[in-house]
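*Asks:* everything below, folded, please.
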Amino acid sequence: MSAQRANPALMGDYAAPPVVEEIQRRSLIIGGAAAAACLVGGFLDPAQFFRSYLAGYMLWLGISLGSLAILMLQHLSGGIWGFVIRRMLEAATRVFPLLALLFLPVLFGVHHLYPWADPAKVAQDSLLQHKAAYLNLPFFIARAVFYFALWCGAAHLLSRWSLQQDQVPRESLRDRMQGFSAIGLLFYGLTATFSAIDWVMSLDPHWYSTIYGMLFMAGGAVAAMALVIAMASLLSKHPPLSEILAPAHFHDLGKLLLAFVMIWAYFSFSQFLIIWSGNLPEEITWYKVRLAGGWRTLGLALLLFHFVLPFLLLLSRDLKRQGRTLALVATAVLAMRYVDLYWLVAPSFPQAAAGLRFHWLDLAAPLAVGGLWMAEFLRQLKSRPLVPLNDPLLPQVLEHAHGSE
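*Replies:* Numbering: from 1, shown residues only. The predicted model follows:
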């Protein structure tokens with residue numbers, strides 16, 4: 001057995017159902033068609049393509065990052081809530097190599113995206129000159145390589161040890177994953193924060209926020225949990241998860257989604273409150289653009305559909321115990337996560353002063369990245385048993401499922 005793919009004999013009754021392969025095929029078709037459209041759009045309007053691509057890319061990168069964080073939290077806590085979704089989380093983290101490849105368009109478009117990458121603008125701006133030691137292209141690329149190396153390495157080790165546990169039950173493997181996660185979460189927090197600063201906050205190098213990284217980490221956790229809930233609901237209709245996933249499991253996952261939504265809202269409001277109370281010219285300009293005209297309407301939609309409505313719906317115990325209904329809420333939250341990223345990214349460019357203006361690439365780009373991401377995610381998901389075999393939690397999970405009917 002290889003380190004990253006299970007022996008077919010090991011899969012047994014826990015292999016992914018045929019529906020996974022069908023969705024994988026459809027995702028690849030959608031992603032390929034959207035990528036072809038983006039290629040045309042890139043030739044027609046390169047600047048718009050790179051702007052749209054960045055927002056779409058950050059959505060799917062955030063899902064893999066959020067999955068990595070939730071996976072490590074599960075190893076630390078040992079909770080039953082994470083056992084039933086562990087293989088989905090692991091599959092999402094193994095998409096990092098593809099995400100590293102898909103980061104290349106961001107590098108190619110750096111001069112269209114970031115003012116600090118334009119030597120003419122740097123020569124005329126003393127602040128950009130002051131930040132040039134950090135905001136320069138060679139160091140920008142080096143940091144990106146470091147981030148992806150760390151994320152890919154962490155995902156590889158956790159997945160390898162988990163697969164080894166499927167083959168031979170060893171308590172040392174569980175302890176190893178737990179110890180690695182304790183250290184890994186620290187490096188995850190640092191790399192996720194600096195990547196958000198590098199790739200999004202530096203779109204406006206004159207503005208900064210000390211909690212920007214935490215805001216992105218919270219958003220990634222929301223998106224990851226939303227996607228996992230949607231996938232769990234789908235797979236709960238087919239063996240083997242139809243015999244394992246129970247209302248109690250969805251209830252636990254729904255509570256986690258509610259918690260992540262609240263954390264995201266807390267960071268978002270805290271950032272706004274701190275900047276509003278400080279009322280400093282170098283800080284309020286960032287919000288002045290986003291709270292004017294159509295951007296204000298989009299911001300209000302975020303408040304309503306990314307927090308208020310999901311918060312009220314997820315308070316319901318009955319809703320959280322119904323996988324299909326919970327999946328509908330989770331899908332809506334995932335869609336609003338992209339709207340949030342669009343609201344963060346798009347107003348950073350000069351044309352935003354003219355008001356909110358959607359471009360067809362704003363839809364094509366996230367579909368292109370998302371289709372390819374989903375195809376790879378599902379390929380990874382079906383390469384392993386859908387539950388961690390030989391894990392000490394398995395009997396408790398089954399008891400939790402049947403005892404909650």
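*Asks:* what segments of the stretch 201-350 of the chain are helices?
*Replies:* Here the stretch 201-350 of the chain has its helices, by DSSP state H, counting those that start in this stretch, at 212-235, 247-278, 281-290, 293-302, 309-314, 317-320, 323-345.
*Asks:* packed most tightly, which of those helices would that be?
*Replies:* Most buried of the helices of the stretch 201-350 of the chain, by mean neighbour count (mean count of other CB atoms under 10 Å): helix 212-235, with a mean of 24. C-beta: built from backbone N, CA, C; applies to glycine.
*Asks:* tilt between that one and helix 323-345?
*Replies:* Taking axes from the mean of the first three to the mean of the last three CA atoms, to 10 degrees, one finds that helix 212-235 is oriented at 150 degrees with respect to helix 323-345.
*Asks:* now find how far off-centre helix 212-235 is within its chain.
*Replies:* Distance, stretch centre to chain centre, for helix 212-235: 6 Å (CA atoms, centre = their mean, to the nearest Å).
*Asks:* mean confidence score for it?
*Replies:* Mean pLDDT, helix 212-235: 97.
*Asks:* and if you look at stretch 366-383?
*Replies:* 97.
*Asks:* then stretch 309-317?
*Replies:* Mean predicted confidence for stretch 309-317 is 97.
*Asks:* let me know the secondary structure of D198.
*Replies:* Here D198 is helix, with the state taken from DSSP: H, G, I helix; E, B strand; the rest coil.
*Asks:* near it, how many other residues are there?
*Replies:* Counted by other CB atoms under 10 Å, the residues lying close to D198 total 17.
*Asks:* likewise for the one 10 residues further on?
*Replies:* Here the neighbour count serves as a burial measure; for Y208 (other CB under 10 Å) it reads 14.
*Asks:* contacting residues for it?
*Replies:* Each residue near Y208 by CB atoms under 8 Å, 6 or more residues apart in numbering is listed here: 201, 283.
*Asks:* dihedrals phi and psi, it?
*Replies:* phi -150, psi 160 (degrees, to the nearest 10).
*Asks:* need the per-residue pLDDT for it.
*Replies:* pLDDT for Y208: 90.
*Asks:* tell me how far it lies from F250.
*Replies:* Distance of Y208 to F250, given as CB to CB, to the nearest Å: 40 Å.
*Asks:* for A259, same thing?
*Replies:* Taken as CB to CB, the span from A259 to F250 is 15 Å.
*Asks:* repeat for P385
*Replies:* 21 Å.
*Asks:* do the same with R357
*Replies:* 39 Å.
*Asks:* please apply the same query to Q24.
*Replies:* As judged by CB to CB, Q24 and F250 stand 24 Å apart.
*Asks:* now swap in S52 and tell me
*Replies:* 34 Å.
*Asks:* got it, and A34?
*Replies:* Distance of A34 to F250, computed by CB to CB: 31 Å.
*Asks:* just the element for the residue lying closest to L157 once chain neighbours are set aside, please.
*Replies:* Leaving aside its sequence neighbours, L157 sits nearest to F180 (CB to CB, 6 or more residues apart in numbering; 6.4 Å). F180 belongs to helix 171-199 when assigned by DSSP states H and E.
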